[in-house]
Structure formats: C-alpha cells, structure tokens
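Colleague: generate a structure from the sequence data that follows.
(chains A, B and C)
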Amino acid sequence: MKKGDHLFLVDGSGYIFRAYHALPPLTRKSDGLPVGAVSGFCNMLWKLMLDARNTEAGVVPTHFAVIFDYSSKTFRNELYPEYKANRSAPPEDLIPQFGLIRQATKAFELPCIEMEGFEADDLIATYARLACEAGGDTTIVSSDKDLMQLVGPSVSMYDPMKDRQINVPEVVEKWGVPPEKMIDLQALTGDSVDNVPGVPGIGPKTAAQLLEQFGDLDTLLARAAEIKQDKRRQSIIDNADKARISRELVRLKVDVPVTDVLEDFVLQPPNGPKLIGFLKTMEFTSLTRRVAEATGTEAGEVEAVPVSVQWGADRHGPDVGSGAAPAATAAAPAARANGGNAAAAAPSSASAESGNVHDTPTALANKIAERAASQKFDHAAYVTIRDLATLNNWIAEARQAGVVAFDTKTTSLDPMQAELVGFSLATAPGRAAYVPLAHKSGRGDLLGGGLVENQVPVRDAIAALKALLEDASVLKVAQNLKYDLVVLDRHGIDVHSFDDTMLLSYVLDGGTNGGHGTDSLSEKWLGHAPIPFKEIAGSGRNVVGFDQVDIDKATAYAAEDADVALRLWRVLKPRLAAKGVVSVYERLERPLVPVLARMEQRGISVDRQILSRLSGELAQGAARLEDEINAIAGERFNIGSPKQLGDILFGRMGLPGGTKTKTGQWSTSAQVLEDLAAEGHELPRKIVDWRQMTKLKSTYTDALPGFINPETKRVHTSYALAATTTGRLSSSDPNLQNIPIRTTEGRKIRTAFIADKGNKLISADYSQIELRVLAHVADIGQLKQAFADGVDIHAMTASEMFSVPVEGMPSEIRRRAKAINFGIIYGISAFGLANQLSIPREEASDYIRKYFERFPGIRAYMDETKAFCRENGYVETIFGRRIHYPEIRSSNPSVRAFNERASINARLQGTAADIIRRAMIRMEDALVAARLSARMLLQVHDELIFETVENEVEATIPVVRHVMENAAMPAVSMSVPLHVDAHGANSWDEAH
DNA sequence: ACAGAAGCTTA
DNA sequence: GTAAGCTTCTGTT
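Modeller: Sure thing, here's the model as predicted:
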C-alpha cells in the first residue's frame, strides 16, 4: 500500500446485526432459509463495489476487506469476566446467516478476516493503523460508536445505511468530544449492551462536559474532589476503578498480531459468474439482475451454485458434485461461463442439484433429497483426531461452516451413567472426524484398563469443545440430542443453538411407516445403511463398552454417525418450510429437548424400604394364592403360562364360555376370568388376584429399586420425544407414566415416590383435557357451556341422552355416559362400546345413535375428520402438528376403520399433548420469574409433578396452574376454559 | 439370544 | 373404540 491508496474496512459483524434488524423480519428463501441479513449485506457490498468503479464518486477504494468477530470470547473477558456477559443469543433465524455472510464475502472476491481472541473492532483498528503508516487512507464501513475513537486525518467512517460520512466534525457534533477523547468518554458512560460498567449516573452529556473541563480521564479522576455536584463527585470517586477498567475495555487494540497483510486486500474486479451463482442461490433476483448488467454477464446462463451450500458452507472434502460445481463456476472466465460448464463438472444428477429461482419450496426440497440420496459414503475418508491442535483446526472449520453435526460416544445407553469415550463431528458431507478420548486397551478389567495412547486429554478436549458447543452463532446438529445434552451437562457443557434430526423427521413424517432413528432415516433419505453397532461392539454376551472398541473401527462408526446427521439435516430442514411445519418444530419440539434433559437429570426420590415391604407383602399374598390355585386345580402348573392355564380351565376343568385368541390359544384375559368368576367359579377370581400381585411385584416393587442411580440416589426415567404418533411423550427405563393408581393395592406403590427431606411434591393435572379439546375443535355448544359452567360433564351427557335430571342420577347411568364420552375420544365403535360396558352390540349402537342425535356437531366433526384424512393422508392438531395415516385409504375395511378411529383420536390426543408441551416449555421461566424453587420432575400426559421446598407449595400452585391453564395462548384462544387441579404432599400418592 | 404373543399398567 | 412400555412365556435361532 502506498500514499493515495484507500482501504475500505467493512465491519461485517456489526453489519450483520444492523441488516438483520433493519430489514423486514422473516425474509426467507423459498425453502424457508432466512436470508434477510444476507440480502442487506450483499446489497450494501455491491453498492460499495459500484462506487469503487465509479471514479466520480469521490472516495475510491483500492484495498478492501470485510472483518468479522471470531467468537464471543476475547482477551477482554480475561480483563473483565462480565464483559458482554449479558448479551443474549442471536435470534434464531439469524444463526444460519453468519456462515452465509462469510460465503457472500467470498463470492464478492473480498478477503474475509477474523481472528481468535479479538473482536472485529480490534482488527479494524490494527489495519487502519497499518494503512496510515503506509501513507494510505482508510474508510471504516460502520456506524458503531466504538470505532469512532479511530477517526482522524487519514481515517474516516461511512454509514452505508444512512449514506453518511463520519469525520472529526461529525464525532464532535454527536458526542461533544473529538475522536481521541471517545475512549475516555465511553469509559465514563459505560455501555449497558456490552456490560461495560462506566460510572453510574454519568451519561454522554455529563461525560463530555467533564472531559471538556478536566481534559482527560486521568486528570478528572485525580482532581475529582473539585467537582461541585455532590452526587456526581461521590460517584466518580467511588467508581474510579470501574472507569479505569472500562477504559481498557473500550480501547481498541491497534497492535493485533495479524497474519494477513494489506497487499492481500487489493481490490479485485468482481467475478460476475461467481457472484451471480451465489446470488441466484440466495434468490436475490433484483440484485442478480443488477450485477448481471453491470458485469456484462448473461445471468440466464449461470447456474445457481448447488443448493447444498444454502444451509452451510460447502468447501471441504470429497463432496462429489457439490464441491466440484462451484469451483468450476468460479474458475470459469466470464466469457465462458455457462450452465453447461458448471453442470459438466458435476455428476449426471447435476441438473437436479441446481436450485431454480422458480422452484416451489417442495420442488427444491425434493431436489435436495434427490441429490443427497446419490452421494456416496467413504469410511476411509474419516479422520481420527489425536491431538489438540488438529481438534482446534476442526473446530475452526466448524465455525467457518456455521453448522456442525456432532455425536457423543459413551459406555452406556443411560446418559446418567454413561462415561464419555469419544466425540465425532462433521462439517460438510463426507467431511467428518472422531476424537477418541477414553478408549481403553483390551484386557481392561485385568490390568486396570490402561488408556490407549495418542488420545486428546479429556480435559483439553472438553474445554475446546465447550467453546464451540456453547457458541450460539454455530448451529449444532445431532440425532437425538437430548442424550448428548445430559452427557455433556455432566461435563459442564451447555449446548446453545441446535437442531435435532430425529425431531425434524418426527415433525415431518410422524405416523408414516418407519421410525426416526439414525438407521432408518439414513436408509430412507440417504440410501445408505450405516455400520451396525453390533459390528463394532458385538452383541449379546459378547458386547463390549465403546471404550473397548478399536479406535479405527470407532472412527468409521462414530464419524459416520455425525456425517449422517449432517446430511440428514441438509435434507430435512428445508422440508420443514416446504411442508409448513416450521412452527411445530420450533415451538413444540426443539425447545422441549433441554427441558426434558433437565427433568431426566433431576430424577425423583423413591423409597427403597417402602417398595421392599410391599414386595414382601405381595410375595406372601401370591404364594398363598398359588397354593389355593394348585389345590383347586388338583395339580401344580405354571400359573403365569396362559397356555397351561387355558388348558386347565377350559380343557381339564371344562369351564364354559371359552374364547380363542387369534393364534388359536384359549383366551385367559382378565375379562374372560371376570366373567367366569361372576358365574360363581372360584378359581378364575384367584387367578386374577394372583396376576395383579405378581404384576405389581415384578414390574414395580422389584424393578424400581434397580433404577435408583447409585450417585444421585434418585430414579431417572428417559422420555422419548419422537416415539408416539400423536405427539405424546413416552417414558421408559423405567416407565413412570404407568405407575398404578386404580386399585388400592397398586396405589400403594405411589407412596414410595417421595419428596426429599424438607421438600414437597406437587401434582398438577388437567381436568378432562381431551373432552375440552373436543368441545373446542368440534364447536359443541352444550359441551362448551357445560365446561364454562363447571358442571359434571359425564352427568350432563347422561342427562341429555337419557333425559334424567343430574340431581340424584343413578351411578350406573352416569357410568355409561362416561364410557360413551371416552368412546367418542377414541373414535367410537359399537363393538368397542359394547365390550367396555358388557352390553349387546345392538344396545351399544342405540346409545351411539342417541348420542349423535343429541350432539349432531360431534358426528359432523368425526365425518369431517375422516374426510380430511382420506383426502390428505394426515390430520392436524390445532397447533399444526401433522399426524399421518396413509392406511386410511386401505381397501381392507377393518384397517380403514381402525385408521379412521385413530385419526379422530389423534386430533384430540395430539392437541392435548401439544398443550402440555407448551406448558412445560414455559414452566421453568415462569417459576424462575416468580422466584420459586420448584422444579418439574415428571410428566404423565395430562399431569406434571414438581418438587419444591416445603414453604413454597402454596405460592407455587397458582403459578403452575396459570401456566398450564393458559398454555394454548396466544397461538390459540380456546373457546373452552382449561382447568388444572393441583395439590402438594409428601408422596405422589397423597399429592394426586 | 431374540422376537412375538399375551397380559397388565397408565392417560 | 385411542395412545404407550414392561414382564413373562413360548418357540425359534
């Protein structure tokens, strides 16, 4: 650089946020990718470049660079840990744009500069100094006041959005001090956004006046006693240290050891085809046109760069096709640039890869899927990371890409007991690596399990990964992230910004055939069967922990998982917008992941003694019954074997009324045994009782103690987010959603679920939520009125149907109405109702007919649901969750009928499930805001269990009720009130 | 060792 | 009639 040269430094990071907030929200590409900030950035850059070519414009850049922040951690954090500590995560839809803006910069052929540990402002300060020393001028493209300290004879600022130059007079006009005093001024005023303390009570006006009077900060602090105003004087004396610290925070570093030299910044003429390729991908039509005109490129002949780049950078590895195509386009001189060349460099599916501006979102999403299915996997290309430097390179690569898929590898399926063994990550399709951390050598248990050599020390790796995983500006992608969240939280890592491919699939394809696990998704979308776990770690009695797996094998397996997750994400995420289910994913699924992770980690206390005592009682009871049963039967047999029992009851003893199961066995179901008992037979009653006792013993009193975690002494269930068709959660290991309650014997098990000493449990459950949802969605006047009046809904139904007054209603009448109400929710059939009430099918049909006469709106609702489902193949909850029933069009009448009932139920059950999800997502913040210590422990479909300190029970209940009862708002204003009952007590039994 | 059926628990 | 998960038995691998 020489005298007369002019350097333009664009504050890229500052610009991202300004462009984002200045432009209309939710500017999205057709596939749903938010690109508002990218658009603003490109327009601004183009305008600057245009000025560069227009010699009449006055300021003509000869050198040009765009500067970015590297991460939120800088040397200032060491100076003052609270620096920028209160800065919240960037907005959701801005995150994917960070990477895109860096790509945009490169499409403009401009240097993209960033450096770890330094803010963009420090790099700008350093380069401005270097340019000044070389005799050149600098224009800083920004309007950030933090940069104004740099303004001087050879440095000016330019605000592209207001088209305004900022020189010394402008700084003085705005702040009342010249640029060289900006540092002192900011030291006094502080900055609430960046958490720079400053001196309380001193604003810009006062600061300027004080600096005018005393000259500079040091003089001011030394002579503070001379200040006349009492308060102001005292504040400055008291906060002198804060002012000094603030000064160091706001002073920009002009001597950053930068690696790029100014000569690298020489402005290149724009590469029309390369730039247009990018702009087309972004669907910036008007800018594409303007660039085409200005560069003399035929835009129509330039292919959009392959759509794979839209969700992340795509610069690495053997990504056949997508890697080749943009390179070919970029290399092609303007005169030769045409679609044929670009496409020719790619495999034959290239035409399908290229996004077309006129594609519908669905067509685009399908093209992405088509392309993903054709890309190959190469296990040999995966990298094993064996030292920290290499790991850091990969982390830097992930930051560049803006998106990284990852997976943790551990020793257990239980995240509460799992030991971290390794970590895999993928930054682009085919570009994946595995970091072994705790692999042990073969004969581990004999020789103490020595660590295999050449593994990154766990402590170092965790620290390095923590920075990446906690950085909200890099999107993390994982399959079933909840597991990893629990494992990582135990290592002090709190993951920010993530997507979960399992949940993407669940939202898109809930109800369709095939699960949402890695293997089935990979098979389905990528046409690739990943290495089976068995092949790596064995199966059955030969299974070994992942820490025993050979590192080369582990690399192939683990890196592949991350690779698969990344590729799946690129296929699935665009489909979300194409199918119109973005908000289901963003509001009902993703935010629940960390909530459930925390609930699982908390667990619940279970009293071993109580269970042990119950177990003994049940064992005694069952033994006594066993003797009696054997005596009556006249022989010893295995009572637990339905086959043997059936033979005895209906064969040897010749009892009447036997029915067969579909496999031709005698049915010995509780229903059959109850019927026999009602006829006076002694044995069936005892069998039923024996079954109940052994069931309670084996499933609950014997099994639950085995789930008490040795470290936490609590039971940690696992919630599945993507296991049910309707949107409900499921619970397993152990299942805490089917703890007995109906019988007094079974209910005793709940007395073992207790609050810790000094605490209470609170149970809060929705009353009749599914019937209320029915009243709302089917718009049934009588039901809505009944719920509004708070009357007994089953009695009201009975009264309507059988013309019996609610007062003094016989319990049998009410029982029947209740069964009908439940039947409606389940998509009623005469067969089912007859079974439930033990009445003839004809009688059940009469009930149903009568019900529909009294509530014609319900029949209309059911018919409408079936018709919609037949037409579309799915039904929707009121929050837009889609539940698929492809078999509703089956030619098999019973299959069809089953799907019709399921679809009717799914709208109701699914809506109720969505409502409680919303409540759970909001609950933590509501409790914190109310300064309550209560924490959610369990969810049982319409019930939430909390634990809190004893003296906060009364204060907690109204907060919990409020969140639950208003959970549908504001998305849906329900026409029926939701009602929640809540109680606090020492055990789950008493609280319910 | 695993898979499916039967049976039972919950909302 | 809807939605789940767990245990035991039974037959196959």
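
Colleague: so does stretch A:511-523 get close to DNA strand C?
Modeller: No: contact of stretch A:511-523 with DNA strand C (C-beta under 7 Å from any atom of the strand) is absent, the minimum separation being 8.3 Å. Heads up, the C-betas are built off the backbone N, CA and C, glycines and all.

Colleague: export that stretch to CSV, keeping only CA atoms.
Modeller: Taking only C-alpha atoms (Å, rounded to 0.1, in the frame of the first residue of the first chain), the coordinates of stretch A:511-523 have been written out as CSV:
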residue,chain,number,x,y,z
GLY,A,511,-47.2,-41.5,11.7
THR,A,512,-45.7,-42.7,8.4
ASN,A,513,-44.0,-46.0,8.3
GLY,A,514,-40.5,-46.2,9.6
GLY,A,515,-39.0,-44.8,12.7
HIS,A,516,-37.0,-41.7,13.3
GLY,A,517,-33.7,-43.4,14.3
THR,A,518,-30.4,-42.9,12.6
ASP,A,519,-30.5,-46.2,10.7
SER,A,520,-34.0,-45.9,9.2
LEU,A,521,-33.5,-42.2,8.4
SER,A,522,-30.2,-42.9,6.7
GLU,A,523,-31.7,-45.7,4.7
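
Colleague: tell me the mean pLDDT over it?
Modeller: The pLDDT scores in stretch A:511-523 average 90.

Colleague: now do the contacts for the residue in the stretch 301-450 of chain A that DNA strand B sits nearest to.
Modeller: Distances from the stretch 301-450 of chain A to DNA strand B, computed as C-beta to the nearest atom of the strand, single out A:L413 as the nearest residue at 13.3 Å. Shown here is A:L413, which makes no contacts under the criterion C-beta atoms under 8 Å, 6 or more residues apart in numbering.

Colleague: hang on, isn't A:A529 packed against A:T518?
Modeller: No: the pair formed by A:A529 and A:T518 falls short of the contact definition of C-beta atoms under 8 Å, at 10.5 Å.

Colleague: okay, those two: which has more neighbours?
Modeller: Looking at A:A529 and A:T518 with other C-beta atoms under 10 Å, you find the greater number of neighbours at A:T518, namely 20 against 11.

Colleague: list the helices and strands the helix or strand hosting A:F406 packs on?
Modeller: Of the helices and strands defined by DSSP states H and E, A:F406 is found in strand A:403-410. Packing partners of strand A:403-410 (3 or more C-beta pairs under 8 Å, 6 or more residues apart in numbering; DSSP states H and E): strand A:420-428, strand A:475-478, helix A:481-489, helix A:551-579.

Colleague: contacting residues around that strand?
Modeller: Residues outside strand A:403-410 that contact it (C-beta under 8 Å, 6+ apart): A:96, A:99, A:311-313, A:398, A:418-427, A:432, A:434, A:468-469, A:474-479, A:483-484, A:487-488, A:546, A:554, A:558, A:561-563, A:565-566, A:569.

Colleague: in ChimeraX, select just the buried ones from those.
Modeller: What follows is the ChimeraX syntax selecting those of the contacts of strand A:403-410 that are buried according to 16 or more other C-beta atoms under 10 Å:
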select /A:96,99,311,312,313,398,418,420,421,422,423,424,425,426,427,432,434,468,469,474,475,476,477,478,479,483,484,487,488,546,554,558,561,562,563,565,566,569
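
Colleague: okay, now the unreliable bits of chain A?
Modeller: Screening chain A residue by residue with the criterion pLDDT under 70, one finds the ranges A:23-27, A:30-32, A:51-58, A:86, A:88, A:305-359, A:442-449.

Colleague: residues of stretch A:619-638 that come out buried?
Modeller: Applying a neighbour-count criterion of 16+ other C-beta under 10 Å, the buried positions in stretch A:619-638 are A:621-622, A:625-626, A:629, A:633, A:637.

Colleague: would you list the helices and strands packed on strand A:403-410 in a markdown table and tack on distance to A:V261?
Modeller: A markdown table is the format used below for the helices and strands packed on strand A:403-410 (distance: least, C-beta to C-beta, whole Å):
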| stretch | distance to A:V261 |
| --- | --- |
| strand A:420-428 | 28 |
| strand A:475-478 | 33 |
| helix A:481-489 | 40 |
| helix A:551-579 | 35 |
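
Colleague: looking at those, which is nearest to DNA strand B?
Modeller: When these are ranked by proximity to DNA strand B, the top entry is helix A:551-579, at 17.5 Å, counting by C-beta to the nearest atom of the strand.

Colleague: okay, buried residues for the closest one please.
Modeller: By neighbour count on 16+ other C-beta under 10 Å, the buried set for helix A:551-579 is A:551, A:554-579.

Colleague: and what of stretch A:360-370?
Modeller: Residues A:361, A:364-369 are the ones in stretch A:360-370 that count as buried (16+ other C-beta under 10 Å).

Colleague: wait, what's in contact with the residue nearest to A:I858 when sequence neighbours are not counted?
Modeller: When the adjacent residues along the chain are set aside, A:I858 lies closest to A:A778, with 5.6 Å between them (C-beta to C-beta, 6 or more residues apart in numbering). With contact set as C-beta under 8 Å, 6+ apart, A:A778 has these partners: A:857-858, A:860-861.

Colleague: try 7 Å this time
Modeller: The neighbours of A:A778, taking C-beta atoms under 7 Å, 6 or more residues apart in numbering as the test, are A:857-858, A:861.

Colleague: before we move on, back to that, who does the strand holding A:F406 pair up with?
Modeller: Within its sheet, strand A:403-410 is paired with strand A:420-428 (antiparallel), strand A:475-478 (parallel), according to DSSP bridges.

Colleague: check the offset of the first one from the chain's centre.
Modeller: Put simply, strand A:420-428 sits 19 Å off its chain's centre (C-alpha atoms, centre = their mean, to the nearest Å).

Colleague: contacts for it, please.
Modeller: Taking contacts as C-beta under 7 Å, 6+ apart, the residues outside strand A:420-428 that touch it are A:313-314, A:316-317, A:319, A:394, A:397-398, A:401, A:404-411, A:432-439, A:461, A:465, A:487, A:491, A:546-547, A:554, A:558-559, A:561-563, A:565-566.

Colleague: ok, which of those also contact DNA strand C?
Modeller: The subset of the contacts of strand A:420-428 within reach of DNA strand C, by C-beta under 7 Å from any atom of the strand, is empty.

Colleague: now the residue nearest to A:I858, what are its backbone angles?
Modeller: Main-chain torsions, A:A778, degrees, to the nearest 10: phi -90, psi -10.

Colleague: likewise for A:D981?
Modeller: The phi and psi torsions at A:D981 (degrees, to the nearest 10) take the values phi -100, psi 140.

Colleague: surely it and A:D765 touch.
Modeller: Yes: under the contact definition of C-beta atoms under 7 Å, A:D981 touches A:D765, with a separation of 5.8 Å.

Colleague: still on that earlier bit, using a markdown table, lay out the buried residues of stretch A:619-638 together with distance to A:R961 and secondary structure.
Modeller: As requested, these are exported to a markdown table (distance: C-beta to C-beta, whole Å; DSSP: H, G, I helix; E, B strand; the rest coil):
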| residue | distance to A:R961 | secondary structure |
| --- | --- | --- |
| A:G621 | 40 | helix |
| A:A622 | 42 | helix |
| A:L625 | 44 | helix |
| A:E626 | 47 | helix |
| A:I629 | 48 | helix |
| A:A633 | 53 | helix |
| A:F637 | 53 | coil |
